[in-house]
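Q: Sequence first, then the predicted structure:
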Amino acid sequence: ISSVELSQYFLERINRYDGALNSVITLNEDGALLAAQQADQLIASGDAGLLTGIPLLHKDIFCTQGLRTSCGSKMLDNFIAPYSATAVSKLEQAGAVMLGKTNMDEFAMGSSNETSFYSGVKNPWDLETVPGGSSGGSAAAVAARLAPLASGTDTGGSIRQPAAFCGVTGIKPTYGRVSRYGMIAFASSLDQGGAMAKSAEDAAIMLQAMSGFDERDSTSVDRPVDDLLSGLGDSIKGLTVGLPKEFFTDDLDSDIREKVEEAVDTIRSAGALVKEISLPNINLSVPAYYVVAPAECSANLSRFDGVRFGYRCESPKDLEDLYKRSRGEGFGDEVKRRVMIGAYVLSAGYYDAYYKKAQQVRRLIQQDFVEAFKEVDVIASATAPSVAFKSDEKKGDPVSMYLSDIFTIGVNLAGLPGMSVPCGFVENKPVGMQLIGNYFEESRLLNVAHQYQ
Ligand code: GLN
């Protein structure tokens, strides 16, 4: 099959099935076919790599030169980025063909995709439920086989939780592994791009191509990219898997617990040792996150002021009116809530009580992981405390929405790599197992996931 045929096949699937899902918000038909033709020429000349001519979708948080980048917001509904994110360019250089951009929670703030300006995404396993978020469009699209690969970003769980809800594999690498250049910032010290795919092997191919040092991102890490593929087939005999006791309590749905325990048993029968561990401060991760993330978001989103780019209100009276109305009309409720919380916790009178305290708690959580990885190679848990919930179920209740990320957020606070791997179904809805690795041990995570799959 040629790349042109492959791209046409997936574009046709998007046109036929995405009406019911709303996972793709911008199509790149002409661009994709042109890129596919070029890929076919490379293939014909014997110059192809693993990704040459392979179609994929990008979460709409990644800037794509010449193609709208909305970040799920009215604020950027008309924004055409003048350059591409490094992760996007790297995949393009590897020969991948961009089919379009996926729906997401506005500025990546959410766990259900319901905060998108372009309205929610449906979960292909059950159209009455949400796909998770914020990379819900990417997860739903891969699950519905509208593309074999899709990019995502993960600030507190946004790759892993939707991967779990949609039954796909998603990996968030170590903080600094994938450049954040051109990835619209939500909470800069937590945001990390990654890959979503059908299998660990596919995710490994995609992640490998996205990774690497970038001098345009000062937090990108200058170390060689590991070979994520050659170790996939290695035996996991003798590997130690830790189960944090704080993640296996009554808060976890018992059917989900059963599925995750079955998956851990499969890993055990492949020769791994399993032991209980403790992350004593992990229960503070949601509160710490909901101080740090809004603080950073309030700073990052101050650039959207109606002046240089993005939404501008009609006939402003003066500069202040321009700022106020452009932001008031351009941002949705959840974004406004976070900007207000962020400005509050950073304000002179409250900085020490909230922001500084949260940073101290963050360090304790990170130390817990450092200690745990002295004892184990990989940590396993459920990715999310429930399966996909019904649309509207948590929409009016931010705290219950925030708690969907209780198992994933600590990983971002510590900057560790984490992934979600499908491990069965509860009431016909997919369940995900989370695997957490030590810094830069993406290849180990992918190896365990591949052996399990
Ligand atoms: N659900 C979390 C939030 O709303 C995480 C989102 C993310 O990882 N981008 O902040």
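A: Cool, the structure landed.
Q: could you pull out the strands for the stretch 251-400 of the chain?
A: All strands of the stretch 251-400 of the chain, identified by DSSP state E, counting those that start in this stretch, fall at 273-277, 378-382.
Q: Kindly point out the strands partnered with the first one and how each is oriented relative to it.
A: This points to strand 273-277. When sheet partners are counted by DSSP bridges, strand 273-277 sits next to strand 240-244 (parallel).
Q: who in the stretch 301-450 of the chain is up against the ligand?
A: The stretch 301-450 of the chain comes close to the ligand at residues residue 405, as judged by Cβ under 6 Å from any ligand atom. Every residue, glycine included, has its C-beta placed from N, CA and C.
Q: Residue in the stretch 301-450 of the chain with the shortest distance to the ligand?
A: Relative to the ligand, the nearest point of the stretch 301-450 of the chain is residue 405 (4.8 Å; Cβ to the nearest ligand atom).
Q: mind listing what residue 276 touches?
A: 242-245 (Cβ atoms under 8 Å, 6 or more residues apart in numbering).
Q: circling back to that earlier point, is it true that the residue of the stretch 301-450 of the chain closest to the ligand touches residue 164?
A: No - between residue 405 and residue 164 there is no contact under Cβ atoms under 8 Å: 11.0 Å.
Q: if I look at those two, which residues touch both of them?
A: Residues touching both residue 405 and residue 164 (Cβ under 8 Å, 6+ apart): residue 384.
Q: Which of these two has more residues huddled nearby?
A: Neighbour count, other Cβ atoms under 10 Å: between residue 405 and residue 164, residue 164 has more, with 34 against 28.
Q: In contact with the more buried one, which residues are there?
A: 132, 382-384, 420, 422, 430-432, 434.
Q: mind redoing it with 10 Å?
A: 132, 139, 157, 170, 256, 382-384, 386-388, 404, 407-408, 420-423, 429-434 (Cβ atoms under 10 Å, 6 or more residues apart in numbering).
Q: ok, now residue 186?
A: Applying Cβ under 10 Å, 6+ apart, the residues contacting residue 186 are 61, 71, 105-109, 134, 153, 155-156, 158, 293-294, 296-297, 300-301, 335, 338.
Q: ChimeraX command to pick out the buried ones of those?
A: Remark: buried members of the contacts of residue 186, expressed as a ChimeraX selection using 16 or more other Cβ atoms under 10 Å:
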select :61,71,105,106,107,108,109,134,153,155,156,158,293,294,296,297,300,301,335,338
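Q: Okay, and which of the contacts of residue 186 map to helices?
A: Among those, the members falling in helices are 293-294, 296-297, 300, 335, 338 (criterion: DSSP state H).
Q: Which of the residues you listed sits closest to residue 204?
A: Residue 204 has its nearest neighbour among those in residue 293, at 28.3 Å by Cβ to Cβ.
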